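Asks: Next come a sequence and a model predicted from it.
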Amino acid sequence: MELKVSAPGRICLFGEHQDYFGLAVIASAINLKISISGKKRKDRLFVINMPDIKERDTFSTENKLNYLKERDYIRSTFNVLKRKGIKFISGWDCIIRGNIPINSGTASSSALTVAWTKFLLEATDNSWKNNKMKIAELAHMAEVLEFNEPGGKMDHYTSALGGILYIEFGEKDKIEQLKDKLGKFVLADSLERKNTKGTLSRIKTGVFESIEIIKEKIKYFNLKNSSLEEVEKEIKKLPFKLRKLLKGTMLTRDLTQKAKSLFEYEKFDHEKFGLFLTKQQEILRDYLEVSTLKINKMIDAALNTGALGAKINGSGEGGCIFAYAPEKYEEVAEAIKKVGGKPYIINISEGVKLDLKISS
């Protein structure tokens, strides 16, 4: 038997650093992907080749796997599925390739866990193989819960389901597929490596500390529903760093709702969408402080060349930006390249899928 599956990376249009507070995000899958191809073996050995990162792994299906590195997603996905009762009776020779920038905020690791989950479910002919919500859930377990990481589920939902998603996080997540009315973007890697865990921890800790201080004065304060106006007076009393983190979080919350309304009109306002993206960048830069000098320079180059809007993508402090440039994407890509970014022209994409299945 031969198999090939793929899963896309993602960009976060609005709502960075919102999902782990139970707040809404708007994210979209992009046409940069992780692809996994494999041939069934006659023994119970998995041989995994990853030529893009010059790594290889080999293991037997018979035992629980030990982790060989800090975030060993190939093995963690296998362990999660075994704990769910999935039985592996044969091994596979696999090749994993991708064109998603790594450690750059475009969810390459989540695309990997989503694609690998899909591959293993197809390989075992498990009934979950066509359940994209279940694939996202299992991938989140393998990437985040297994290693006690601070991230949320946005990346896994977006990679699995595809398209443009509005996601409200809570006890039961609410996911709405928005109409795709968008043109081309230019994604660009700053080539500055991120400190995702450090950035998430700083923002998460600071916002939760701010909430506890505010609640001492305003008992009913709720990050999801309280308006900025009703707590602005108390926010101003917070220490400077905490004040900026909480206000930035609430400004992003409100901007995400305004952006969602754009997708509900029959005629899509591309210019207002671009302005909202740039407003989101200003919040991320000035309040959450996750931008960098190089990223600011790349965004300025994009806007000065005709992009309708641009922002950092992902946790920040490095990684990628994207610019919305449906008419001038080639010019914008060239301008970003001149200031040191590595550009990719991208579109909105479908989610995880089976590309090939040949039974022997």
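Replies: Great, that's in hand. Numbers count the residues shown, from 1 in each chain.

Asks: Show the average pLDDT along stretch 26-44.
Replies: Across stretch 26-44, pLDDT averages out at 97.

Asks: Also stretch 103-111?
Replies: Taken as a whole, stretch 103-111 has a mean pLDDT of 88.

Asks: start to end distance for it?
Replies: Stretch 103-111 has an end-to-end distance of 12 Å (C-alpha to C-alpha, to the nearest Å).

Asks: quick one: that stretch to chain centroid distance?
Replies: 6 Å (C-alpha atoms, centre = their mean, to the nearest Å).

Asks: when you give positions from now on, start the count at 34
Replies: Understood, numbering begins at 34; the last thing we discussed is stretch 136-144.

Asks: Where does the nearest residue to L261 once chain neighbours are set aside sit: helix, strand or coil?
Replies: Leaving out its chain neighbours, the residue that sits closest to L261 by C-beta to C-beta, 6 or more residues apart in numbering is M283, at 4.8 Å. Every residue, glycine included, has its C-beta placed from N, CA and C. Recorded secondary structure, M283: helix (DSSP: H, G, I helix; E, B strand; the rest coil).

Asks: number of nearby residues for S160?
Replies: If you count neighbours by other C-beta atoms under 10 Å, S160 ends up with 9.

Asks: so what's E95 up against?
Replies: Contacts for E95 (C-beta atoms under 8 Å, 6 or more residues apart in numbering) come out as R77.

Asks: Per-residue confidence, it, what does it come out as?
Replies: 84.

Asks: again, but for the one 10 residues further on
Replies: If you check D105, the pLDDT there is 95.

Asks: Just the buried positions in the helix or strand of the chain with the lowest mean pLDDT, please.
Replies: The weakest-scoring helix or strand in the chain, judged by mean pLDDT, DSSP states H and E, is helix 229-250 (a mean of 90). Buried residues in helix 229-250, counted by 16 or more other C-beta atoms under 10 Å: 229, 232-233, 235-236, 239-240, 242-244, 246-247.

Asks: Now do the spatially most central residue of the chain against I119, distance only.
Replies: Centroid-nearest residue in the chain, with C-alpha atoms, centre = their mean: D188, separated by 3.4 Å. D188 sits at a distance of 23 Å from I119 (criterion: C-beta to C-beta, to the nearest Å).
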